[in-house]
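1. Sharing a sequence plus its predicted fold:
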Amino acid sequence: MMLKVWNWYQNCLSVHPVKTQVISSGILWGVGDLAAQYITHSSTKKRLQLSDSDAKFTINWNRMAVTSMFGFGFVGPVGHFWYEGLDKFIRLKLHLMPKSARAVATKVAMDGIIFGPVHLLVFFTYMGLCAGKTLPQVKEDLKRNYVPALILEGGVWPVVQVFNFRYVPVKYQLLYVNLFCLLDSAFLSWLEQQKDAPWKQWFALFHSSNEKGGQSR
C-alpha cells in the first residue's frame, strides 16, 4: 500500500511538480495545526484539572483552514522554487559540488539566514491578519513570538537540513522538509496561541538586553 502511494506521489511530482508540492504542503500544515489544537487543549485541561466531560475537544475548523492555506499559499510554492533555486545557485554560481561539505554548509547557512526568518515573519503576520488583528497588533505579536520561534527553531532546523542537503535529491527536499513541517506547524500554531506566556518573557529580556548592549558599543 505504501509503495503504491509513493509511486503515485512520484508520478504526480514528475507531471505536476509545483501543484503536488502545494497540495502536500497545505495538507501537512493543516494536520500540524490540528495536532497543535489537541496539544493546547490537553495541556489546558491538565492545568485546570478538568474532566473529559467538562473539557471536550472541539476542532477549530476555521483556524485549521487558515493554517492549511499558509501551506498552500506560501510553503508549497515558495519552498519549491527556493530549493530548486538554491541548488542551481550553488552549482552554477558558486561552482560547488552539490553534496560536498562546503555546498551543504552554504545551503544550511543560506536557508537559516534567508528562508527561515522570512518564513517566520510571513507566518506570524499572516496568522495575525487572518485573525482580524490590526497592523499595530500584528507588530506586537511579532515582538512577542518572533524571537522565541527564531531561537528555538534555529537549534533544530540546521540539523534537519544538513541531512536534507547531503542525502535527499533536490526534487524530494521539500517533501522531506514538509514532513518535519508537520511538527513545525504544530509548534508554530501552538506558539502563536500562547499569547504572553511567562516563558516568553525570558526571550524578550534576552533580546532587549542584546539591543541595549549593541547600542552601548
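-> All right, it came through fine.

2. any idea how far Trp82 is from Ser68?
-> 20 Å (CB to CB, to the nearest Å). For glycine as for every other residue, the C-beta is placed from the backbone atoms N, C-alpha and C.

3. ok, for Leu142, nearest residue in space, not its chain neighbours?
-> Excluding the flanking residues, the one nearest Leu142 by CB to CB, 6 or more residues apart in numbering is Phe124, at 5.5 Å.

4. Distance of the one you found relative to Trp29?
-> Distance from Phe124 to Trp29, by CB to CB: 14 Å.

5. Can you pick out the residue with more neighbours from those two?
-> Trp29 (30 against 21; other CB atoms under 10 Å).

6. re the thing from before, what's near enough to touch the residue nearest to Leu142?
-> Counting by CB atoms under 8 Å, 6 or more residues apart in numbering, Phe124 makes contact with 138, 141-142, 145-146, 149, 192.

7. switch to 10 Å and redo it
-> 138-139, 141-142, 144-146, 149, 188, 191-192 (CB atoms under 10 Å, 6 or more residues apart in numbering).

8. my read: Gly30 touches Asn62, true?
-> No: in this structure, Gly30 is not within contact of Asn62 by CB atoms under 10 Å, at 11.8 Å.

9. So, low pLDDT: which residues of this protein?
-> Low-confidence segments of the chain, defined by pLDDT under 70: 52-54, 185, 189-217.

10. Pick out the residue nearest the middle of this protein.
-> For the chain, the residue sitting closest to the mean C-alpha position, by CA atoms, centre = their mean, is Asp184 at 4.8 Å.

11. Would you agree that one is in contact with Thr67?
-> No: shown here, Asp184 and Thr67 do not form a contact pair, counting by CB under 10 Å, at 11.3 Å.

12. Give me the common contacts of the two.
-> 29, 32, 123.

13. From Tyr176, how far off is the first one?
-> To Tyr176, Trp29 is 15 Å away according to CB to CB.

14. buried ones in the helix ranked longest in the chain?
-> For the chain, the helix with the greatest residue count under DSSP state H is helix 17-48. Under the neighbour-count criterion of 16 or more other CB atoms under 10 Å, helix 17-48 has 20-22, 24-37, 40-41, 45 buried.

15. Show me what it is packed against.
-> helix 2-15, helix 61-70, helix 76-88, helix 170-193 (3 or more CB pairs under 10 Å, 6 or more residues apart in numbering; DSSP states H and E).

16. Pick the most buried one from these.
-> Ranked by mean neighbour count, these are led by helix 170-193 with a mean of 20 (mean count of other CB atoms under 10 Å).

17. helices and strands around that one, which ones?
-> Applying 3+ CB pairs under 10 Å, 6+ apart, one finds that helix 170-193 contacts helix 2-15, helix 17-48, helix 61-70, helix 76-88, helix 116-130, helix 135-154, helix 157-167.

18. Return the distance of Ala101 relative to Tyr9.
-> Ala101 is 30 Å from Tyr9, by CB to CB.

19. cool, and Pro136?
-> For Pro136 relative to Tyr9 (CB to CB), the value is 43 Å.
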